[in-house]
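Colleague: got a sequence here, can you build the structure:
(one chain, ligands or ions: 3)
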Amino acid sequence: MHVVSREEMRNIDQYTITHIGLGGPVLMENAGRAVYAALEPECKAGDRICVVIGKGNNGGDGFVIARMLFDSGAKVSTWLAADPQKISGEAANHMRAYCACGGTLLRISDEPETFQQQLDRADWIIDALLGTGIHGAPYPADQQVIRWINASKGTVISVDLPSGVPANGEAFDHPAVLADQTMTLECPKLAQFMQPAARHFGTVRVLPIGIPNKAYQQVGVQRELRMRSDVVRTLPVRDPFSHKGNHGKGLLIAGSKNMPGAAFFSAKAALRSGIGLLKVSVPEVIQPILAAQLPETMYLPRVQVALDGASGVGIGPGLGRDAREEELVCRLVEESDTIPCVIDADGLFHLRNHLDLLPKRHKPAVLSPHPGEMALLTHSSVQDVERDRFGISKAFAEKYQVYLVLKGKATLVTAPDGRQIVNPTGNAAMAKGGSGDVLTGILLAFLLQHEQMMDAVSNAVYVHGAAAEELAAREHSLLDVLASDLIEAIPPVLHQLYDEKTCR
Ligand SMILES: NC(=O)C1=CN([C@@H]2O[C@H](COP(=O)(O)OP(=O)(O)OC[C@H]3O[C@@H](n4cnc5c(N)ncnc54)[C@H](O)[C@@H]3O)[C@@H](O)[C@H]2O)[C@@H](O)CC1
Ligand SMILES: Nc1ncnc2c1ncn2[C@@H]1O[C@H](COP(=O)(O)OP(=O)(O)O)[C@@H](O)[C@H]1O
Ligand SMILES: [K+]
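Modeller: Ligands and ions are numbered 1, 2, ... in the order given. Down below sits the predicted model:
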């Protein structure tokens, strides 16, 4: 499923209308019908529904929804936040169709008190005021309507976007609808994955409106939401005759005197994710503790680190910020030139002044910063990173020829050629020290078992988030999940995914 910017969505719509010949009214009819079909099973007989319509094409979708509700005998009141004379194009066609069917149209500016009373009494409010078309803050009259919608008690369903939210997710400080549910048309827009916009969406349903694949190909959208079916399709199949040497020989350089747990989390997660052999390099003082906890790995004293036949390296979790480690990180990034290399946490701290090493590698490195580390790598602030997650990631991955995993809610994976994959799994239970270390281990293990690096990285991120969802769905709350719980939830997640793979 593609994730689009406002401009891409407009071009896709235009291509479909102009070159494929599916007219704007058809797409609008499809959009309105799709929303109606999604809404209808949720409404009870006698529910009051208030449809709020703006002057553009988002309002046009609203007319289709209102017409279908009216035709089905629902208790619908349809309110227009614009002068009907100023409604044009496809939206005007659908306004006429609504009226021709016998529907009544009320103007908010004529009866603002009645509008507020009806909003207050409504069980459902359909927000078709503004969609992808707004520029800047909504006009003052629209802002007032948005405030009234936000003050209402009914369930607010936004059509395509919560009105007032900019589709590209730029930061804003004007009023915008706080939806309970957003019924996004055709494909998710960038705003759904950016702060503060994302908070306005509520739960999201994506409703296809019949845009052909050709339109996406022509516009050249390079961004996708990872679907479960993509993960199932691309997970590696284990050869029944394989031996441990076929599933990767990993070297993990992690942990320090004050952070022994990081090495444990990454190592155990790598083992749970299928790595064949794993050697962990830690300072000698913590080696006995780890060896007791994790007898499945081999250990290598930190002073003797060498690749020594490893087929993949993970560097960084809990490594510490000692200057000696800086030299080590740089050496390993150079020496592991032709094998997968994952760099995280303190590894990124050490690498920040040596980024020029990255594009020289034959096999692109995988960097997995959280927004704070990304700010460090780009000499910017966390706010700058969050303001433009998609743009900053793409520029960085292309410049340094790396796979970049920008963590957070909806972790974003960017390939060296600029392709991007948004991860849908995960929850706030993961907002706890150690979660990232678990991901490093899964990444290392998956990179050694998948054919395509983009699949390996995207699947690792998906499984990591799915582990947190698995825990929250069963015996855990969002508060009590530990990094070690996440590791123990990898098996049921993989079990289920592999079950789905063999069912097909
Ligand atoms: N043919 C198409 O392009 C389709 C569009 N669809 C719908 O159309 C929407 C986009 O429609 P539009 O581009 O007409 O735009 P919207 O309906 O989102 O637009 C707002 C209207 O207000 C105006 N406006 C601009 N800035 C504003 C501001 N700051 N405050 C208030 N009004 C402002 C715009 O000129 C536009 O007429 C989508 O979100 C989707 O719901 C769907 O019907 C599917 C097909
Ligand atoms: N609110 C959240 N929703 C979804 N995922 C989250 C959330 N908070 C954190 N995560 C995930 O948890 C992990 C935290 O990583 P990181 O900050 O590196 O942790 P640490 O360094 O403590 O191990 C990342 O994969 C991130 O995407
Ligand atoms: K809307």
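Colleague: what's near enough to touch the closest residue to H200 other than its chain neighbours?
Modeller: Excluding its sequence neighbours, the residue lying closest to H200 (Cβ to Cβ, 6 or more residues apart in numbering) is P162, at 4.1 Å. Using the backbone N, CA and C atoms, a C-beta is placed for each residue, glycine as well. By Cβ atoms under 8 Å, 6 or more residues apart in numbering, P162 lies in contact with D127, A176, V177, L178, A179, T182, H200, F201, G202.
Colleague: can you pull the pLDDT of A267?
Modeller: Per-residue pLDDT puts A267 at 97.
Colleague: what about K244, how many residues nearby?
Modeller: K244: 10 surrounding residues under other Cβ atoms under 10 Å.
Colleague: got a list of what it touches?
Modeller: Here K244 is in contact with G276, L277 (Cβ under 8 Å, 6+ apart).
Colleague: which phi and psi does it have?
Modeller: phi -60, psi -30 (degrees, to the nearest 10).
Colleague: okay, now the residue of the chain at minimum distance from ligand 2: neighbour count?
Modeller: Closest to ligand 2 within the chain is G436: 2.2 Å, counting by Cβ to the nearest ligand atom. G436 is flanked by 24 other residues according to other Cβ under 10 Å.
Colleague: what about it, which helix or strand?
Modeller: helix 435-447 (DSSP states H and E).
Colleague: what packs against that helix?
Modeller: If contacts are counted by 3 or more Cβ pairs under 8 Å, 6 or more residues apart in numbering; DSSP states H and E, helix 435-447 sits against strand 249-253, helix 260-272, strand 312-315, strand 341-343, helix 453-473, helix 483-503.
Colleague: give the rounded mean pLDDT of it.
Modeller: Rounded mean pLDDT across helix 435-447 is 98.
Colleague: angle of that helix against helix 453-473?
Modeller: Here helix 435-447 runs at an angle of 130 degrees relative to helix 453-473 (axes from the mean of the first three to the mean of the last three Cα atoms, to 10 degrees).
Colleague: just to revisit the earlier point, filter the contacts of P162 down to the ones near ligand 3?
Modeller: Counting by Cβ under 5 Å from the ion, D127 from the contacts of P162 sit close to ligand 3.
Colleague: by neighbour count, which of the contacts of P162 wins?
Modeller: Of these, with other Cβ under 10 Å as the count, D127 tops at 32 neighbours.
Colleague: what does the stretch 401-504 of the chain put close to ligand 2?
Modeller: By the rule Cβ under 6 Å from any ligand atom, the part of the stretch 401-504 of the chain lying against ligand 2 is 407-409, 411, 426-428, 430-431, 433-437, 439, 464.
Colleague: hmm, back to that, which among the helices and strands packed on helix 435-447 is found nearest to Q14?
Modeller: Q14 sits nearest to helix 453-473 of all the helices and strands packed on helix 435-447, at 29.4 Å, using Cβ to Cβ.
Colleague: and that closest one, what does it pack against?
Modeller: helix 228-234, strand 403-406, strand 412-414, helix 435-447, helix 483-503.
Colleague: could you say which helix or strand holds G62?
Modeller: helix 57-71.
Colleague: quick one: that helix near ligand 1?
Modeller: Yes. Using Cβ under 6 Å from any ligand atom, helix 57-71 reaches ligand 1 at N57, N58, G59, G60, D61.
Colleague: may I see the buried residues of that helix?
Modeller: Residues 57-70 are the ones in helix 57-71 that count as buried (16 or more other Cβ atoms under 10 Å).
Colleague: nearest to the spatial middle of the protein, which residue is it?
Modeller: The centroid of the chain falls nearest to A410 when counting by Cα atoms, centre = their mean (3.1 Å).
Colleague: on that earlier part again, of the helices and strands packed on helix 453-473, which stretch is the most buried?
Modeller: helix 435-447 (a mean of 29; mean count of other Cβ atoms under 10 Å).
Colleague: okay, angle between it and helix 260-272 too, please.
Modeller: Going by the same axes, to 10 degrees, helix 435-447 makes 30 degrees with helix 260-272.
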